[in-house]
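Asks: Return atomic coordinates for the entry below.
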Amino acid sequence: MKPITDNLKSIDLTKLKPFYPEPAEAARDVAIGLATDLRHQRRDVKRKMIDALHTANLAASLESLPEPGETWHIVCRGNWSAWQLIPRIIELDPSRKLRYLGVATLGYSRSNIDELLGLLDAGTIERCSLLYSAYFRAHEQSLTTYAGAALNSRGHQCKSIRTHAKIILAETGSGQFIVSESSANLRSCRNVEQFTITNDVDLLGFHRQWIDQLSKENQ
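Replies: Predicted coordinates for the structure are as follows:
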């Protein structure tokens, strides 16, 4: 009896689609654009722990923002999108505006981008930087082309790189500095997710520096 491997067909490797659209050397550079690892250290933090696993929509249920220097640690269900934090932060701030929005995410949805464009066009958000993953661009080329063209044409930054970070930065019109560090992307993925939501000017500045740097490179 012949070995089962004798019946296997060979694969034409030249016809395989690349996983990432970048050249091979760039795709292997997992720290592309960063000269070194970055670190931010905070002390004397006021913390609050929130179990939101039985909350239908965490963003909609928020009744306030963290106080300056305060961090909330949250675990919740992924039955809502992390994008919903952004309009909720705007609603909870007295100014109803953001001076700056910075986002790092694996991916996003068309509805996320359309709502963002509406807020930018209305002047509700003044400045925006969006980083998303090269993996997402490789698999959602139509959507990422649309998002990039729409944001860049308005003078905002939109860039795909090798990133797996999930960060939302919101500097409000009243001078609040809200930072969300989480496991969740902008669009819902129906998983248990963890968040920290912090009000801290230095932490926002720390994340803004690298997000702005990477989103502006090679534009």
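
Asks: Sticking with the closest residue to residue 199 other than its chain neighbours, tell me its helix or strand.
Replies: Of all residues not flanking residue 199 in the chain, residue 66 sits nearest, at 4.1 Å (Cβ to Cβ, 6 or more residues apart in numbering). For every residue, glycine as well, the C-beta is placed using N, CA and C. Under DSSP states H and E, no helix or strand contains residue 66.

Asks: and residue 66, how many neighbours?
Replies: 21 (other Cβ atoms under 10 Å).

Asks: Distance check, it against residue 196.
Replies: 10 Å (Cβ to Cβ, to the nearest Å).

Asks: Which residue comes closest to residue 73 once chain neighbours are left out?
Replies: residue 49 (5.0 Å).

Asks: What is the burial count for that neighbour?
Replies: Quick note: residue 49 (other Cβ under 10 Å) scores 9 neighbours.

Asks: Send over the host helix or strand of it as CSV, restricted to the C-alpha atoms.
Replies: Following DSSP H and E, one finds residue 49 within strand 46-52. Extracted in CSV, the C-alpha atoms of strand 46-52 (Å, rounded to 0.1, in the frame of the first residue of the first chain):
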residue,chain,number,x,y,z
LYS,A,46,-7.0,56.6,42.7
ARG,A,47,-8.6,53.3,41.4
LYS,A,48,-12.1,51.9,41.0
MET,A,49,-12.9,48.3,40.0
ILE,A,50,-16.0,47.7,37.9
ASP,A,51,-17.5,44.4,37.1
ALA,A,52,-19.8,45.1,34.1
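
Asks: Please enumerate the helices of this structure.
Replies: Applying DSSP state H to the chain gives helices spanning 24-28, 58-61, 85-92, 110-121, 134-139, 141-153, 201-216.

Asks: Would you format these as TSV with distance to residue 163 included?
Replies: Listed next are the helices of the chain as TSV, based on distance: least, Cβ to Cβ, whole Å:
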stretch	distance to residue 163
helix 24-28	13
helix 58-61	23
helix 85-92	19
helix 110-121	16
helix 134-139	8
helix 141-153	13
helix 201-216	8
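
Asks: so what strands line up beside the strand holding residue 49?
Replies: Strand 46-52 pairs in its sheet with strand 70-77 (parallel), by DSSP bridges.

Asks: Okay, now the unreliable bits of this protein?
Replies: For the chain, the stretches flagged by pLDDT under 70 are 1-2, 4-8, 13-33, 43-44, 189, 217-219.

Asks: before we move on, the earlier item: list the buried residues for the strand holding residue 49?
Replies: By neighbour count with 16 or more other Cβ atoms under 10 Å, strand 46-52 contains the buried residues 50, 52.

Asks: one step back: got the contact list for the residue nearest to residue 73?
Replies: Residues in contact with residue 49 (Cβ atoms under 8 Å, 6 or more residues apart in numbering) are 72-74.

Asks: Tell me the one among these nearest to residue 123.
Replies: For these, the residue nearest residue 123 by Cβ to Cβ is residue 72; the value is 28.7 Å.

Asks: separation between the closest one and residue 198?
Replies: In terms of Cβ to Cβ, residue 72 sits 7 Å off from residue 198.

Asks: Residue 180 too?
Replies: Distance from residue 180 to residue 198, by Cβ to Cβ: 8 Å.

Asks: do residue 143 as well
Replies: Residue 143 is 30 Å from residue 198, by Cβ to Cβ.
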